[in-house]
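Colleague: just a sequence and a predicted model for now, questions to come.
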Amino acid sequence: MAGGLWGRIRDWFRTDAEHVTTCFLPAPGSAPIGPGQGYLRLWLAEGFLAASRSWGRERFPVLHAGASLDFGGTGPVAFTSFSRPLASWVVPGEQVDLRVTPLLPFNGGVVEIEAAVYRAVQAGPLDTAVRLVEGFTELLGPPLATAASVARAVSTGLDALIDDSGERPVLGLHHAMISPGGGGLAVQSGHLAVVNAAPGSLPGPLTIDGDGRLAVLGPDGGTRRLTGVDYLVMRVETRAEHDVWLSPAAAALLARARAARARGHAAAFADYRDEAITLAWTSDDYVEADRPRLAAAIAAALDAGAEQGAVAEPDRDLVDEVLDRLPARDDPSLADLTLRDLLGR
């Protein structure tokens, strides 16, 4: 990620670092996650542009944000969004929790987080860029192997369009996170904030108030919202466990396997079963330690014995059955488990 769009944001951030205040505010009670031990997702928590009223009717803010991390053994991949915020950024706290990336597996290395607000012109290059990315939005989520390929192509197109526009960010940030124990900021839940004010010029340290919004901490321990300055807040969410254990593709395979067995089609059942297990074992959507867990749970759910055909909501029932059988990461049965052990039973 040395050049291109991300390099441009990084250069802007380095050049303007002495003019902006940045900080990372860890989420209370959160702990860092290690390589292969969890997932992260990036959100736009809040954005405020104090001077946006002076932009005129033809100009509007565009947010470019994302996370770059080692993925699928192919090196760093940037999962990004480029969008026009849904709400006007003229009131502090108006924009809350807009998802920027899907849930991404953390497999080690450096996670780079960047965000920048641009001032776009109606029918200009950045407006064109927003429309371009909107057409690929549905492809920028799971399965992540497909999303990674799309993300690379989109980044190339965005870089060319933004280069043509000549626009520089109005506000931006760049931050790097690493594995715990490396001496830098570890991958952890919290808020990344950048305020368009010189370090030391704010009336107090930055904090996140009880409503989850950026605020300044007063000497009496009270907080007050920021006004009169541009600021951007990104929320880093980390999870030890994935929140979606069955993708639509996997759920469909399980449902087909159950239906085939109920109809007495043993060969078709075996094919669907093995395909679902293989999909889980090889999926880049999960950290390496979770793939055998999911594959074993799918095998156990399909081998449970009770023959079932298609039901009203098969994916709902199957998700519950798989989750009931999902072993812990330290389950001894996973120690020497291979894909061959699960196939063809």
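Modeller: Looks like it came in fine. No experiment lies behind these values; they were computed from the predicted model shown.

Colleague: CA only for contacts and neighbour counts going forward, please
Modeller: Noted.

Colleague: helix or strand: which one has the nearest residue to Pro327 once chain neighbours are set aside?
Modeller: Of all residues not flanking Pro327 in the chain, Arg293 sits nearest, at 5.8 Å (CA to CA, 6 or more residues apart in numbering). Using DSSP states H and E, Arg293 falls within helix 290-302.

Colleague: pull the CA atoms of that helix into CSV?
Modeller: Taking Å, rounded to 0.1, in the frame of the first residue of the first chain, the C-alpha atoms of helix 290-302 are listed here in CSV:
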residue,chain,number,x,y,z
ASP,A,290,-11.9,-21.5,13.1
ARG,A,291,-12.1,-23.3,9.8
PRO,A,292,-11.7,-26.8,11.2
ARG,A,293,-14.2,-25.9,14.0
LEU,A,294,-16.8,-24.9,11.5
ALA,A,295,-16.2,-27.8,9.2
ALA,A,296,-16.5,-30.3,12.1
ALA,A,297,-19.7,-28.6,13.3
ILE,A,298,-21.2,-28.9,9.8
ALA,A,299,-20.2,-32.5,9.5
ALA,A,300,-21.8,-33.3,12.9
ALA,A,301,-25.0,-31.4,12.0
LEU,A,302,-25.4,-33.3,8.8
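
Colleague: which stretches of the stretch 51-200 of the chain form strands?
Modeller: 59-70, 76-83, 98-99, 104-106, 111-121, 171-177, 190-195 (DSSP state E, counting those that start in this stretch).

Colleague: doesn't Ser333 make contact with the residue nearest to Pro327?
Modeller: No: using CA atoms under 8 Å, Arg293 makes no contact with Ser333, being 9.6 Å away.

Colleague: ok, the two, which is more surrounded?
Modeller: For Arg293 and Ser333, the more surrounded residue by other CA atoms under 10 Å is Arg293, and the numbers stand at 22 against 12.

Colleague: now the lengthiest helix in the chain against strand 76-83, angle please.
Modeller: The longest helix of the chain (DSSP state H) is helix 144-165. Angle between the axes of helix 144-165 and strand 76-83 is 60 degrees (criterion: axes from the mean of the first three to the mean of the last three CA atoms, to 10 degrees).

Colleague: quick one: helix 144-165 to strand 59-70, angle?
Modeller: Orientation check (the same axes, to 10 degrees): helix 144-165 against strand 59-70 gives 140 degrees.
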